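S.K.: dropping the sequence and predicted coords here.
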Amino acid sequence: MTDFRSIDAATGQPVGEPFAVHGPTDVDAACAAAEEAFDVYRATSREERAVFLDKIGAEIMAIGDELIEAAMRESGLPRARLEGERGRTVGQLGLFAKVLRAGAYLQVRIDPAMPDRQPLPRPDLRLRMVPLGPVAVFGASNFPLAFSTAGGDTASALAAGCPVVVKGHPAHPQTGALVAAAIERAVEACGLPKGVFSHLTGPSNELGAALVRDPRIAAVGFTGSRAGGLALVKIAQERPVPIPVYAEMSSINPVVLMPEALKARGAALGTAFVGSLTMGAGQFCTNPGLLLAIEGEGLDAFVEAARTALPEAAAQTMLTPGIHAAYTKGTETLASHDKVETVAQGKVGEGITAGRAAFFQTTAEAFLADETLGHEVFGASSILVRCRDEAELTAVLKAAEGQLTATIQMDEGDTDMAARLVPVLERKAGRILANGWPTGVEVAHAMVHGGPFPSTSDARTTSVGSLAIDRYLRPVSYQNLSAALLPQDLKDEAAGTLPRRVDGQPG
Ligand code: NAP
């Protein structure tokens, strides 16, 4: 393809100047620069990297409204949402700067030598985490700022000490270019090697595939479709030297509506559900795409409230014509399924990418008989599974695929049943919520935005929150190295400057 341009999400029409279509030579140059920069970059102090991350945040803010307008045009998302997302992006960078300054992420462990131990002396052992190497980051279309060029994966990899090569998302090339330039200015201002950050652009699968194949890439962060994530996992596993791919892919985020909660506030829950379902045209990886409940009057009140509220929901511009087409196909397939009833739909939109919200219902028996009913329809689509009793509801949960989140809407009288469900949900999801809606992911130390397959390709990590730094680190143990050879944070003199475990105890 010779002409690669920004697409206006609302009209589907190309706008602005063409962007570079990068190819194999550019991938090679970016990876060579990243590899060359790695040793210099990983030798920087925690404070130097913290200053760098803060500087990236400042440079992003300094772009001003041009960034918000580009993101609005390319994603169709409203101003307030994107201003919030910019704040979240800068906040994430700031969080990792704090993580670096605190130093706990290094997980320093010291087992002092025991020269007199019988029958054998114990050597001096000191452990810390070190960066993996250059990281390839694939940003998401649905968060053009917070999960993209300078998003969570970039921030955590840079914090870890890994150079980053971003494969820009073709749905927002202008937004990506503005943010990439901000990072490049920060690299220069901090006196770091250029290869610490590179940005590759182009609209073909081959660009990303070549990046993951490059032997200098040590890990991959990805957010997007199941097909895209699995394609990259396969490439990474087939390399002569396989590497980890942290792919966040698809999740329908079950919400269990418990009997007592439905009895007490079924209608209010129905209205609140419609608000969560339709937020951001439903284009959240945590969108509530699956509801489960036991038959009863409370459930009927819930459904009636949703049936009343949803037709008032305006159609919203979706991120790309491709995502709109996939959404439309997914909802049409559900609507025409002989075991699925369409409860309600939102308003019809005017633009060619306007997504119309949809709410369906089916029985547990039908859901268990057809696994396609549990597949993600990315957008404001959700299906309620009506169960006869707790056993059937539990069976549906056990049959569901791995999820980013699982929610229990409950009252006090539901506690016993909820206690029986929590162990089931622990095996299914990375985050378990009570009395909330899964959309809205706090950037915090105790957050997990990850989960069993297919919500991610590796359930051991998170892409949001300070724990995300772990995915780009590995442990190294230093045995009997003299102080002259030890890294600064492992020397005796570093005591008190960062958390450590000495002989397994804080100290
Ligand atoms: P996508 O098609 O998976 O694309 C994500 C990134 O991966 C893009 O940079 C894309 O660039 C690249 N890519 C995709 N397939 C590839 C392959 N086979 N080899 C190499 N690179 C590949 O995702 P999207 O366009 O953002 O959205 C499409 C669908 O993804 C949605 O309908 C939804 O189902 C899902 N999605 C999920 C989440 C989530 O949070 N879980 C978020 C957004 C989207 P190229 O196309 O240039 O190769």
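M.R.: Nice, thanks for sending it over.
S.K.: which ones are touching Asp370?
M.R.: Shown in contact with Asp370 (Cβ atoms under 8 Å, 6 or more residues apart in numbering): His337, Lys339. From N, CA and C alone the C-beta is placed, and that goes for glycine too.
S.K.: need the residues of this protein near the ligand, please.
M.R.: Residues of the chain that fall close to the ligand, judged by Cβ under 6 Å from any ligand atom: 138, 140-142, 167, 169-170, 203-205, 208-209, 223-225, 228, 231-232, 248-250, 285, 323, 326, 376, 378.
S.K.: pretty sure Asn480 contacts Asp124?
M.R.: Yes: assessed by Cβ atoms under 8 Å, Asn480 is found in contact with Asp124 at 5.3 Å.
S.K.: which residues do these two both contact?
M.R.: Counting by Cβ under 8 Å, 6+ apart, the shared contacts of Asn480 and Asp124 are Ala113.
S.K.: quick one: which of those two has more around it?
M.R.: Asp124 (16 against 10; other Cβ atoms under 10 Å).
S.K.: could you verify my assumption that that one touches Ser482?
M.R.: No: contact criterion Cβ under 8 Å: Asp124 and Ser482 do not qualify, at 9.5 Å.
S.K.: and Asp414, how far is that from the ligand?
M.R.: 29 Å (Cβ to the nearest ligand atom, to the nearest Å).
S.K.: neighbours of that residue, how many?
M.R.: Asp414, neighbours per other Cβ under 10 Å, totals 22.
S.K.: could we number from 32 for the rest of this?
M.R.: Let's use 32 as the start, then, which means that last one is Asp445.
S.K.: doesn't it belong to a helix?
M.R.: Yes: looking at Asp445 with DSSP: H, G, I helix; E, B strand; the rest coil, it is inside a helix.
S.K.: quick one: the closest residue in space to it that isn't next to it in sequence from the ligand, how far?
M.R.: Using Cβ to Cβ, 6 or more residues apart in numbering and skipping the chain neighbours, the partner closest in space to Asp445 is Met289 (3.7 Å). Here the criterion is Cβ to the nearest ligand atom. By it, Met289 lies 27 Å from the ligand.
S.K.: Met289 and Glu443 touch, don't they?
M.R.: No: using Cβ under 8 Å, Met289 makes no contact with Glu443, being 10.4 Å away.
S.K.: are any of the residues of the chain next to the ligand buried, and which?
M.R.: Buried subset of these (neighbour count, 16 or more other Cβ atoms under 10 Å): 169, 171-173, 198, 200-201, 234, 239, 254-256, 259, 262-263, 279-281, 316, 354, 357, 407, 409.
S.K.: now, the residues you listed that are in strands?
M.R.: Using DSSP state E, the subset of those located in strands is Phe169, Lys198, Thr254, Glu279.
S.K.: so what's the first one closest to, chain neighbours aside?
M.R.: Right, the one you point to is Phe169. Phe253 (4.2 Å).
S.K.: give the burial count for the one you found, as a bare number.
M.R.: Here the number of neighbours of Phe253 (other Cβ under 10 Å) works out to 27.
S.K.: likewise for Leu242?
M.R.: Per other Cβ under 10 Å, the neighbour tally for Leu242 reads 28.
S.K.: can I take it that it is in a strand?
M.R.: No: under three-state DSSP, Leu242 falls outside any strand and is assigned helix.
S.K.: quick one: it and Val197 touch, right?
M.R.: No: in this structure Leu242 lies outside contact range of Val197 using Cβ under 8 Å: 9.4 Å.
S.K.: which neighbours do the two share?
M.R.: Residues touching both Leu242 and Val197 by Cβ under 8 Å, 6+ apart: Ala167, Leu231.
S.K.: and Leu158, which of the three is it?
M.R.: Under three-state DSSP, the three-state class of Leu158 is strand.
S.K.: next, the contact list for it, please.
M.R.: Taking Cβ under 8 Å, 6+ apart as the test, what Leu158 contacts is Gln138, Val139, Arg140, Ile141, Pro506, Val507, Ser508, Tyr509.
S.K.: which residue packs closest to it, ignoring adjacent ones?
M.R.: Arg140 (4.3 Å).
S.K.: can you report how many residues lie near the one you found?
M.R.: Counted with other Cβ under 10 Å, Arg140 comes out at 17.
S.K.: the one 10 residues further on now?
M.R.: Using other Cβ under 10 Å as the criterion, Pro150 is surrounded by 4 other residues.
S.K.: give me the distance between the nearest residue to Asp142 once chain neighbours are set aside and the ligand.
M.R.: Once flanking residues are discounted, Asp142 sits nearest to Leu156: 4.3 Å by Cβ to Cβ, 6+ apart. Here the criterion is Cβ to the nearest ligand atom. By it, Leu156 lies 40 Å from the ligand.
S.K.: contacts only, for the nearest residue to Ala345 once chain neighbours are set aside.
M.R.: Computed as Cβ to Cβ, 6+ apart, the closest residue to Ala345 that is not its neighbour in sequence is Lys378, at 5.3 Å. By Cβ under 8 Å, 6+ apart, the contact set of Lys378 is Pro342, Glu343, Ala344, Ala345, Ala346, Arg387.
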